[in-house]
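Chemist: Please work out how this folds:
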Amino acid sequence: MDSDELKAKANEIFNIIVQLEQDKYDYEQRKLTQELDLKELKERQKAQLRQKALKRGLDPEAFSGKYPPPIRMYSKYERRTDTRTYDDRKKLYEGGWEVIRAESLDAIWKEKYEEWSKRPSKRLPKWFGERPGKKAGDPETPEGEEGEGEEAALEEEEKQAKRKEIRAEQEKKLNQQKKEEEEKQK
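Modeler: You can find the predicted model right below:
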């Protein structure tokens with residue numbers, strides 16, 4: 001090999017080294033930009049998962065944490081997911097038997113009250129001058145008292161009608177408030 005060939009070979013190797021150094025620099029720059037892009041994408045993903053968790057009513061960090069949130073099962077014996085709302089689940093642990101008993105007593109009381117309010121409020125007529133339901137030792141009812149009882153019964157009926165109207169208005173207001181609260185929660 002003469003000097004021209006050696007120079008050409010050295011020049012070729014030098015050019016290869018320069019090209020490799022340029023490629024190395026380009027790849028390092030590309031790695032840095034990709035790392036920044038990945039970091040930005042991870043932050044975006046975290047924000048989206050936070051929004052998703054908030055929308056489902058979970059903790060904001062539920063989906064963006066190290067582990068996924070636990071699947072709520074209806075029962076540990078049945079493989080069924082829990083579809084109850086948070087309020088329904090909360091009621092399970094509030095008072096237990098006392099709450100159930102109070103609700104059932106309230107329902108029974110309402111039924112009895114409806115039956116009682118449907119009864120005729122006027123007195124039964126006299127048959128053959130004898131009061132119905134009179135027992136052997138009871139004193140006679142004077143004639144004047146029956147008339148007074150009818151007037152009192154009419155007044156009582158008017159009071160009951162007014163009370164029913166007031167209750168109906170109050171129930172309407174409560175229902176409207178509940179609807180507004182539900183709309184706010186949605």
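Chemist: ok, residues contacting stretch 173-186?
Modeler: Outside stretch 173-186, not one residue touches it by C-beta atoms under 8 Å, 6 or more residues apart in numbering. All C-beta atoms are positioned from the backbone trio N, CA, C, and that covers glycine.
Chemist: That one: how far from the chain's middle?
Modeler: Computed by C-alpha atoms, centre = their mean, to the nearest Å, the chain-centroid distance of stretch 173-186 equals 12 Å.
Chemist: Student question: in this structure, what's the helix or strand with minimum average pLDDT?
Modeler: Lowest on mean pLDDT, DSSP states H and E among the helices and strands of the chain sits helix 86-92, with a mean of 74.
Chemist: and the helix or strand immediately after that helix in the chain, what does it pack onto?
Modeler: Helices and strands here follow DSSP states H and E; after helix 86-92, the next one along the chain is helix 97-118. If contacts are counted by 3 or more C-beta pairs under 8 Å, 6 or more residues apart in numbering; DSSP states H and E, helix 97-118 sits against no helix or strand.
Chemist: Tell me which helix or strand comes right after helix 97-118.
Modeler: Next helix or strand after helix 97-118 toward the C-terminus (DSSP H and E): helix 143-185.
Chemist: mean confidence for that following helix?
Modeler: Helix 143-185 shows a mean pLDDT of 78 in the predicted model.
Chemist: got the angle for that helix vs helix 97-118?
Modeler: With axes from the mean of the first three to the mean of the last three C-alpha atoms, to 10 degrees applied, the angle from helix 143-185 to helix 97-118 works out at 140 degrees.
Chemist: Helix 143-185: how far from the chain's middle?
Modeler: Worked out by C-alpha atoms, centre = their mean, helix 143-185 lies 31 Å from the chain centre.
Chemist: try stretch 53-73
Modeler: Chain-centre distance of stretch 53-73: 17 Å, with C-alpha atoms, centre = their mean.
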